[in-house]
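S.K.: Quick one: sequence and predicted model below, then my questions.
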Amino acid sequence: MPSKFVRLVLAGSTALTLFGGAGMAMAKDNITFAAAVFAEAGRGDRVREWVEEFNASQDEVSVEPVAIPFSSLANTVFTQMGGGGGPDLVRFDQTDFFAAIPSGRLLALDDLIDETAFPFLAPDRFMKVDGVRYGLLFDTTGYALLYNENLVPEPPADFETFLSVAKEQTKDGNFGYAYRATMAERAGFWQDTTNFVYGFGGRWSDDAGNLTLNSPEVVAGIAAYKAVYDAEIIPKGADAATYRRMFWEGKIAMNVDNGGVAAIFNSNAPDLPFGVAPSPFPDRAQGLIMTALVVNANTQHPEAAAKFLNWAYQPENQAGLLNAMGTNVGTVVELTDEQLAARPWLPAYEEQMEYALPQVVLGFESQTPEIQQIVLEQVLEVLQGGAEPQAAMDRAQALAERRIRR
Amino acid sequence: MSTRRSASARLEGHPLTPYLFAAPVAIYLILFQFYPLVQEFYLSFTATDLLRPSDSTFVGLDNYSFLIEVGDLHKVLGVTAIYTICCVVFAVGLGLLAALLLDAPFVGRGVARALVTVPWAAPSVAVALVFTWMFNAQYGIFNHGLRALSLPFGAENWLDSPNLALPAILLTTVWQIFPFSSVVILAALQGVPQELREAAAIDGADRFNIFKTAVWPTIQPTVFMLVLFVTIWSLRRFDLIWLMTQGGPIGATNTLVIELYRQGFVYRDLGSAAAIGMIGLTVALVITVIYFKVTQAAERAQGKR
Amino acid sequence: MGTQTTHLPRIIAVLAMLGVASFPIYWMFVTSLTPSSELFATSPNMLPRFEQLGIYLEVFRTIPVATWLWNSFVVAAGTTVLSIALAILPAYALSRFRFAGIAILGFALFATQMLPEAMLVVPLYAIFGQLSLLNSLFGLILANTAFVVPVITWIIKGAIDSIPLEVEEAARVDGCSRIDIVLAIVIPLITPTLAAAAVIAFFHGWNEYVFAQTLISSEALRTASVGLASFVGELSTPIHSVMTVGVIYTLPAVVFYLFAQRYVVAGMTAGSVKG
């Protein structure tokens, strides 16, 4: 027998035992909680500390936060879930949440948590599908107009004013506005487009279950998106990370963005005076960001997960989470005056919650990614290919209908 | 060749030796490559959700026909073809140039050779981020440079423009992969017999002819093998494109593997992803077969076989 | 081509090439040191601001970069050792033996190069799950090796092709078994090719992303490629940390190459000359 091989096999099995045995079960129930936010600068550490409070408060369960890169969270976790594994708890954004439900990979939570015990915010209703609760609202925020008060003393109240203010502000290397318009940021591009569409009264689908991608209001929203693009008031091609940084460096005057971003502006540039106002569109409906805290159906420790869930939604812990995240959390939280003073943008965003709608295509939630791709490609044709909004959206409607009929 | 066969026969020992030698790798490949491949082949004829990979519904050729009719398959294949050909031509070409430049002795040659591998050593995520930043329309160094040179196009939105996105991606990709070619060719250049070069030089040949008669024949098999590998790898290169453009804008950089990833992990449609994988595999197999036929014919012509 | 070393055009060409190769990394370095407020200046800051170098130490303090680098190193080194060990014998077999199946093996090795990681990660996850190889660096090493062995086998085969059979025959006459021939005679003769193969395997293991992201779920075992990607956040990207870690992540691989290249080029006899 070739000695080299024997040596190899021995080495291999030793290594396997060493590495494989490293994850031995401990006296505490060890469960994992995966989220992209754990890797975020600033926020990530605060949320980790919040999880540690739970670990320190009792001896039976230990929650291990696992940061997964945002861009690959869904495909990583989905692959793991599909393979019978995956983290025990996950914070999913809405598109992924709705995608996971039909496949039965999420544990129904009705038995694990008494929902009447907690004052959930309105968007929590989306956590139930066909009467079964699959997730708990973890954090939520809407969209509003953030503006640099040094550059724009009064926020524009309508779209025409907004355009002219933005044009005025685009000079000397500054820009009046910024949004996403590249496929590389598909999810964000969709959010920004949806805000414009909702803001002009459009909806992606109607109550009868039809797609309405080419309704006049939707087309108006797309036309407005194009108007902004053509007005040369945005740093074209800049991704959100870049233009948000530009905003807090004072190079962008206005930006429709979510509450989490307001928190980021504040922590990176505490001296920057920025204001919050409703988005400058005719309709107050804007997109809703909501993330769901879910339990993996593959989990070996549902009771441990339930313990964490019940702890997480206690009022004092919700307050702690709100402090960590900087945005609204799943339940109503009473803030002290000084907490409010530290986060002056929260009331405006809370007010916006009334008008907020999820950014998935209602009625076609789990097919949203495919519809997204089709719509965004047509929007790009409008922005860069010179296509007419109505014609482009008609094409989108036809392609999407063909796609979902499959 | 017959000499070789009989020489090897003289070395023959235990009849099982060849199988023992080949077995570990064969088992390894079967377990980690072929078993998944067979699974993928089967999956391509089913409708399967990423979240439930074991619940497959047989749908026959439906995935394939959908890809062809609605999925713009021809456009994807076209982009893939352009991407692959350009990668091969420029990466191997630049690699060859680099290897030739680094072959002759000069002060600091060792350091130069190590520096040339820096693109290959750099992790894709960092490369994608820094190149995206360099391509930035307002603040990127490329546009700054173009403006400084007073060239008319200095405000280009590289990654965002349907016409410039693919060249930008190609530039980034070729930058990252040409060191591999140069390392391999450099190693092969060490095998060029010095006498051949000197003989050609004595004959009064200029540098180009020295290259043609003495150097090229020696490194030609290596370069051809390199061409094949780079071609095949281009069919599967993913990281940079996904991180920089996700296949956009409007499909300008949407290669086969990008479309595969999108079908499998964004739409969660494993069946369609597998179908694209099979199509890619077929293309690669065809290329390989052509390669083998061409090199065999070339070697026959040169009287080597 | 052999003797003239001070040709001006040659020097310019070499410098230009080195400039092209290293500029983006240089730019990564400069960007990592550029204060946020100056990133958007109208004329860019071309030189590194060395006073900001503190960020390189800061990054080790606040981010588990050292852990990531260590894990990447284990994966890369493991891939290198395992793949070379696995590749030598089949490479020898492909070169010296002629029997049914060897041609199939050779072709099969090529065929595996055509499979993207994205396509194989789902079935591999299931297989690894059954073999309890998930969330272990060893499992990741196994996965990476599967992808690297074919290339290495072909390259080593090419090197073995160029060793004259007479050398082996002499050893045979002396009563050596095949294995002894391989270990004692062939391997020492192909050291430069083995070094080149080591570089290829190391770089692959060092940079691999798709498998590292899916097969490893605990943060303690995260590799630098995934760690770097995790910076690209949902809402903002700390560009300085990313560029800093990017530079830090590139260096070890370059150092490894500096170390290995001494073996790669020195006297590498006709690596793949006879194809």
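M.R.: Noted; the coordinates are in hand. Residues are numbered from 1 along each chain as shown, chains lettered A, B, ... in the order given.
S.K.: Put the alpha carbons of stretch A:321-340 into PDB.
M.R.: C-alpha atoms of stretch A:321-340 as PDB (Å, rounded to 0.1, in the frame of the first residue of the first chain):
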ATOM      1  CA  LEU A 321     -33.500  47.400  19.700                       C
ATOM      2  CA  LEU A 322     -34.800  50.800  18.500                       C
ATOM      3  CA  ASN A 323     -31.700  52.400  20.000                       C
ATOM      4  CA  ALA A 324     -29.500  50.000  18.300                       C
ATOM      5  CA  MET A 325     -31.200  50.100  14.900                       C
ATOM      6  CA  GLY A 326     -32.100  53.700  14.700                       C
ATOM      7  CA  THR A 327     -35.300  53.000  13.000                       C
ATOM      8  CA  ASN A 328     -38.800  51.900  14.100                       C
ATOM      9  CA  VAL A 329     -39.000  48.400  15.400                       C
ATOM     10  CA  GLY A 330     -41.900  45.900  15.300                       C
ATOM     11  CA  THR A 331     -43.900  47.300  18.200                       C
ATOM     12  CA  VAL A 332     -44.900  50.700  19.400                       C
ATOM     13  CA  VAL A 333     -42.200  52.100  21.600                       C
ATOM     14  CA  GLU A 334     -42.600  55.100  23.900                       C
ATOM     15  CA  LEU A 335     -39.600  57.300  23.600                       C
ATOM     16  CA  THR A 336     -38.400  59.700  26.300                       C
ATOM     17  CA  ASP A 337     -37.900  63.300  25.200                       C
ATOM     18  CA  GLU A 338     -34.200  63.000  25.200                       C
ATOM     19  CA  GLN A 339     -34.300  59.800  23.100                       C
ATOM     20  CA  LEU A 340     -36.500  61.700  20.700                       C
END
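S.K.: and it, anywhere near chain C?
M.R.: No: with Cβ under 8 Å from any Cβ of the partner chain as the criterion, chain C is not reached by stretch A:321-340; the gap is at least 10.1 Å. (Each C-beta comes from the backbone N, C-alpha and C, glycine too.)
S.K.: And stretch C:98-107, what's buried?
M.R.: C:102, C:105-106 (16 or more other Cβ atoms under 10 Å in any protein chain shown).
S.K.: would you turn those into a markdown table with secondary structure, pLDDT and distance to chain A?
M.R.: Below are these laid out as a markdown table (DSSP: H, G, I helix; E, B strand; the rest coil; pLDDT from 0 to 100; distance: Cβ to the nearest Cβ, whole Å):
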| residue | secondary structure | pLDDT | distance to chain A |
| --- | --- | --- | --- |
| C:Ile102 | helix | 76 | 18 |
| C:Leu105 | helix | 81 | 18 |
| C:Gly106 | helix | 78 | 21 |
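S.K.: Can I get these in CSV including distance to chain B?
M.R.: Shown next, in CSV, are the buried residues of stretch C:98-107 (distance: Cβ to the nearest Cβ, whole Å):
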residue, distance to chain B
C:Ile102, 7
C:Leu105, 6
C:Gly106, 10
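S.K.: Reformat the residues you listed as JSON lines; add distance to B:Thr222.
M.R.: Listed next are the buried residues of stretch C:98-107 as JSON lines, based on distance: Cβ to Cβ, whole Å:
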{"residue": "C:Ile102", "distance to B:Thr222": "22"}
{"residue": "C:Leu105", "distance to B:Thr222": "21"}
{"residue": "C:Gly106", "distance to B:Thr222": "17"}
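S.K.: Out of these, which is nearest to B:Asp55?
M.R.: Using Cβ to Cβ, C:Leu105 comes nearest to B:Asp55 of the buried residues of stretch C:98-107, at 35.1 Å.
S.K.: For that closest one, give me its contacts.
M.R.: Counting by Cβ atoms under 8 Å, 6 or more residues apart in numbering or on different chains, C:Leu105 touches B:22, B:25-26, C:90, C:93-94.
S.K.: Would you convert those into JSON lines that also reports distance to chain A?
M.R.: Shown next, in JSON lines, are those (distance: Cβ to the nearest Cβ, whole Å):
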{"residue": "B:Ala22", "distance to chain A": "13"}
{"residue": "B:Val25", "distance to chain A": "12"}
{"residue": "B:Ala26", "distance to chain A": "14"}
{"residue": "C:Pro90", "distance to chain A": "13"}
{"residue": "C:Ala93", "distance to chain A": "13"}
{"residue": "C:Leu94", "distance to chain A": "17"}
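S.K.: Most widely separated two among those residues?
M.R.: Farthest-apart pair in those is B:Ala26 and C:Leu94; separation 11.6 Å (Cβ to Cβ).
S.K.: which of these two has more neighbours?
M.R.: Neighbour count, other Cβ atoms under 10 Å in any protein chain shown: between B:Ala26 and C:Leu94, C:Leu94 has more, with 25 against 19.
S.K.: got the residues of the stretch 101-250 of chain C near chain A?
M.R.: Counting by Cβ under 8 Å from any Cβ, the stretch 101-250 of chain C sits next to chain A at C:121-122, C:125-126, C:129, C:132-139, C:179, C:183, C:213-214, C:217-219, C:226, C:229-239, C:241.
S.K.: Below-threshold pLDDT in chain B: ranges please.
M.R.: Regions of chain B meeting the criterion pLDDT under 70 cover residues B:1-14, B:153-155, B:191, B:205, B:302-305.
S.K.: Enumerate the residues of it near chain A.
M.R.: Counting by Cβ under 8 Å from any Cβ, chain B comes close to chain A at B:20, B:24, B:49-53, B:66, B:70, B:132-133, B:135-138, B:157-162, B:243-251, B:262, B:264-268.
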